[in-house]
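In: Return atomic coordinates for the entry below.
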Amino acid sequence: MKVVKPLRQMVRVSCLMSLILVVGTEITSGDDGLFPGSTDLSITRVQYEGGGDWYSNPTSIPNILANIAERTGLPISQELKTVKLSDPSLSDHPYLYMTGHGNVSFSDQDRNALRSHLVSGAFLHADDNYGLDESFRREIELVFPENDLIEIPIDHPIFHMMYDLPEGLPKIHEHDGDAPQGFGIFYEGRLVVFYSFESDLGDGWENSEIHNDSADIREAAIQMGVNLYLYVLSQIIS
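Out: I've put the predicted structure just below:
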């Protein structure tokens, strides 16, 4: 990770403070309906079918939420939230997160609900925990048959929001030793799906004693998580 030069850092901090002020106003007003009746933001875990362990890395979400709140000052809910794609309350969960090691299977109802939710303004982060790749790619292609998963270039703002990650998506868990890749699906110019592959960000968000990752590796995972969150917010309020 490169240390951000002072001028760039000042600009980034200024932009961040503006984002925090605008987000606070938008959420409090409730005008756009994306966060109806709530001043809290959160990340909701997707409970999917197919046999995969959608519940893996249980300490990851509370830890990344706590870090976002501490580092940005945004009003982050610490409540742990889980939703099925078939749940009528899906629209109350604008930031979805899914992970696991095994098979993912969406029903036709799930696919239609997910697509409708994402094109209406929501966002999905899929985080391959080693073993998710084949089934996730199959299912997301059925959700967005007209939009390919494309690799996101390292100069994309998602890697440079609050923290400068000049190499792009950080490598957290070795698995096969392949380079990490960030993929995305864009719908009408908006990033609706971010897929972190060969990275395993959730491992880096977990309690330090679980995977014994170094402080530098965990910090890289947290920085990427904060950048992701801020980028999603910037899309919501733009």
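In: Going by C-alpha atoms from here, please, whenever you check contacts or count neighbours.
Out: Will do.
In: who's in contact with the spatially most central residue of the chain?
Out: For the chain, the residue nearest the mean C-alpha position is His125 (3.9 Å; C-alpha atoms, centre = their mean). By C-alpha atoms under 8 Å, 6 or more residues apart in numbering, the contact set of His125 is 95-98, 193-196.
In: I'd like the secondary structure assignment at it, please.
Out: With DSSP: H, G, I helix; E, B strand; the rest coil as the basis, His125 sits in strand.
In: per-residue confidence for Tyr229?
Out: For Tyr229, the pLDDT comes out at 95.
In: Kindly tell me how buried it is, as a neighbour count.
Out: For Tyr229, the count of nearby residues is 20 (other C-alpha atoms under 10 Å).
In: Run through the strands of this structure in chain order.
Out: For the chain, the strands defined by DSSP state E cover 44-46, 81-83, 95-100, 123-128, 150-151, 181-187, 190-197.
In: Direction included, what does the third one pair against?
Out: Just to be clear, that refers to strand 95-100. strand 44-46 (parallel), strand 123-128 (parallel) (DSSP bridges).
In: Out of these, flag the one nearest Ala179.
Out: Ala179 lies closest, by C-alpha to C-alpha, to one member of these: strand 123-128, at 13.3 Å.
In: gap between that closest one and the chain center?
Out: 5 Å (C-alpha atoms, centre = their mean, to the nearest Å).
In: Just the angle for that strand relative to strand 190-197, thanks.
Out: Strand 123-128 runs at 10 degrees relative to strand 190-197, counting by axes from the mean of the first three to the mean of the last three C-alpha atoms, to 10 degrees.
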